[in-house]
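> Dropping the sequence and predicted coords here.
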Amino acid sequence: MDIQRRTLLAASALTALGAPRLARAQNAGEVIIATTGGLMERSLQEHFYRRFQRETGIRVRSVPIELPDQWARAQAGRRSGNIPFDIVTATPPDLIQHAEILQPLDCGAMPGIVAHALPNACFGHGIIRTAGGMALVWSKKAFPQNAPASWADFFDVQKFPGPRSLPDTGDREWWVPLAALMADGVPRDKLFPMDLDRAYRKLDALKPHVAAWWKSGDNSMQIMRGGDAVMTMAYSSRAVPLAKSGEFDFTWNGAIRDVGNWAVLKGGPNTQNALRFLDFFVQDAKEHVAFSEKVSFDSNNREAPSLVPEAERRFRPSWPENWEKLVIADYAWVAEHRAAMRERWVSWLTA
């Protein structure tokens, strides 16, 4: 009788827990997510990782790591059979270059994606995490009236005198030459395939005026705030806070669309939990708005744009007037030629 009574009490307790709590018990475990550190990781922790853990019981192990090291470890894990992460950060060319080690996604079978993701923001091997642009930023003190408005102005050191800064990190091997081609008058629909000889001729003329090569988003801000450069190419996540300070401004015109993606490594230690996180990530518009305000990137939720105040819209890359100004690369071409472009970039930079 005692055993029967205890069994009934246990069953009643499970019923009282309800479906969400029962799902939490069934999906315990962890998910290992690799992403760049700093502001991005802190904001993901605050708005998504901790909430996912609270609501599902699945622990999120966050690994701050730069993209080249992430992919090196992922490829090494594939060879050894010891996959180090479940979810990785991927640029669009990464999704093409590393497709063989990525878990295919069935976007239509993920209810959160179907109901809340941005249109066409789930692909065969990943989903959009954040969207922004590599934008032209300038000092308002250096140019109080005649402000630059394009990459042609960035390269025009006669009309807009002063030291420049450019990235030496991330996808710089095609970001910077692409800006050089736009500065040289190549129309958007003719940028690919890239004429690298033409791009580097343009860069050769600018190189003596580049005073600083930034290594991180924070570094790009430090260079501008310290007065080491009057103009730079910067992530919009850094351009926006610089502009909001009142000392700097930026333009979306010709900004190179910079999309960060989530992807799941094939054969990872917690694949099902990883897929569950991706489906969770795109939900809750208010969290996406708050997250975007911190990182100055838009994120993957279709309801979020309608919640953005009008005064903030000029800072939002996905706002239609801004989105149409962004330049979209031919990622398949970039992926195919990336190694050669990287080799040429390093050779040029160190010459």
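Yep, it's here. Numbers count the residues shown, from 1 in each chain.
> Are we agreed that Val60 is in a strand?
Yes: checked against DSSP: H, G, I helix; E, B strand; the rest coil, Val60 lies within a strand.
> looking at it, Ser220 is touching Ala234, isn't it?
Yes: between Ser220 and Ala234 a contact is recorded at 4.5 Å, counting by C-beta atoms under 8 Å. All C-beta atoms are positioned from the backbone trio N, CA, C, and that covers glycine.
> okay, and the common contacts of those two?
Common neighbours of Ser220 and Ala234, using C-beta atoms under 8 Å, 6 or more residues apart in numbering, are Val137, Pro167, Trp214.
> Just the local confidence number for the residue nearest to the last one when sequence neighbours are not counted, please.
Just to be clear, that refers to Trp214. In space, and not counting its chain neighbours, Trp214 is closest to Ser220: 4.1 Å by C-beta to C-beta, 6 or more residues apart in numbering. Reading off the confidence values, Ser220 has pLDDT 96.
> For Glu312, see how far away Ser220 is.
Between Ser220 and Glu312 the distance is 22 Å, computed by C-beta to C-beta, to the nearest Å.
> Checking Phe119 next. Helix, strand or coil?
Small correction: residue 119 is Pro, not Phe. Applying three-state DSSP to Pro119 yields a three-state assignment of coil.
> Gly133 now?
strand.
> Report how many residues lie close to the nearest residue to it once chain neighbours are set aside.
Nearest non-adjacent residue to Gly133, counting by C-beta to C-beta, 6+ apart: Ala255, 3.3 Å away. Neighbour count of Ala255, defined by other C-beta atoms under 10 Å: 25.
> Export the helix or strand hosting Ala255 to CSV, keeping only CA atoms.
Here Ala255, judged by DSSP states H and E, is contained in strand 248-264. Extracted as CSV, the C-alpha positions of strand 248-264 are listed here (Å, rounded to 0.1, in the frame of the first residue of the first chain):
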residue,chain,number,x,y,z
PHE,A,248,31.9,60.9,-34.9
ASP,A,249,29.5,59.9,-37.7
PHE,A,250,29.1,57.2,-40.2
THR,A,251,27.3,56.2,-43.4
TRP,A,252,25.5,53.0,-44.5
ASN,A,253,26.3,54.0,-48.1
GLY,A,254,28.5,51.3,-49.5
ALA,A,255,28.8,49.5,-46.2
ILE,A,256,29.7,45.9,-46.8
ARG,A,257,27.0,43.7,-45.3
ASP,A,258,28.5,41.8,-42.4
VAL,A,259,26.3,38.9,-41.4
GLY,A,260,27.3,36.6,-38.5
ASN,A,261,25.7,33.1,-38.5
TRP,A,262,25.2,30.3,-36.1
ALA,A,263,26.1,26.8,-37.5
VAL,A,264,26.1,23.4,-35.9
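> Please point out which parts of that strand sit buried.
Buried residues in strand 248-264, counted by 16 or more other C-beta atoms under 10 Å: 248-264.
> Let me see the mean pLDDT of the helix or strand containing Arg51.
Element membership for Arg51, per DSSP H and E: helix 50-56. For helix 50-56, mean pLDDT is 97.
> helices and strands around it, which ones?
Packing partners of helix 50-56 (3 or more C-beta pairs under 8 Å, 6 or more residues apart in numbering; DSSP states H and E): helix 2-26, strand 58-64, helix 271-281.
> what lines up beside the second one in the sheet?
Partner strands for strand 58-64, per DSSP bridges, with pairing direction: strand 29-35 (parallel).
> export the strand it pairs with as PDB, just CAs?
The C-alpha trace of strand 29-35 is given here as PDB (Å, rounded to 0.1, in the frame of the first residue of the first chain):
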ATOM      1  CA  GLY A  29      22.600  18.300 -20.500                       C
ATOM      2  CA  GLU A  30      24.600  21.100 -22.100                       C
ATOM      3  CA  VAL A  31      25.400  22.800 -25.400                       C
ATOM      4  CA  ILE A  32      28.900  24.200 -26.200                       C
ATOM      5  CA  ILE A  33      28.800  27.500 -28.200                       C
ATOM      6  CA  ALA A  34      31.900  29.100 -29.700                       C
ATOM      7  CA  THR A  35      31.700  32.800 -30.400                       C
END
